[in-house]
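*Asks:* take this sequence and fold it.
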Amino acid sequence: MKVGMVAYHYPHAAYREEFVSRVHQVREVMLRTPGCLSGECWVSGDAVISIVQWESEEAQAASLAAVMEAGVDVAYDEREARPREIVPLMAA
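*Replies:* Here you go, the predicted model:
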């Protein structure tokens, strides 16, 4: 079953461009993993929004593992103004 994720990130203004770059780096790693169907980065107001789709939960897990193995900066820290909001999705 196809799954997805929408993640809302709220970087401080001084880190916004850096954060967009970080989301694109994560996207590139994920798109190289089998079963990752799409990955996008959007901006709305003060939020940087990432949207990803996978063929299955197994493909999602593989993508997330690949990001960790690649050493891409996904840390939540003082560069963000408030906690991330992550919404998991399942195809209906």
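*Asks:* from here on, contacts and neighbour counts on C-alpha atoms
*Replies:* OK.
*Asks:* could you give the bridge partners of Val6?
*Replies:* Ile51, Val87 (DSSP bridges).
*Asks:* can you pull the contacts of it?
*Replies:* 49-52, 86-89 (Cα atoms under 8 Å, 6 or more residues apart in numbering).
*Asks:* let's see 6 Å
*Replies:* 50-51, 86-87 (Cα atoms under 6 Å, 6 or more residues apart in numbering).
*Asks:* mind giving me the PyMOL command for buried ones among those residues?
*Replies:* To isolate the buried members of the contacts of Val6 in PyMOL, using 16 or more other Cα atoms under 10 Å:
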select buried, resi 50+51
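*Asks:* for the helix or strand where Val48 lies, packing partners?
*Replies:* Assigned by DSSP states H and E, Val48 belongs to strand 47-54. Packed against strand 47-54 by the contact rule (3 or more Cα pairs under 6 Å, 6 or more residues apart in numbering; DSSP states H and E) you find strand 3-11, strand 36-44.
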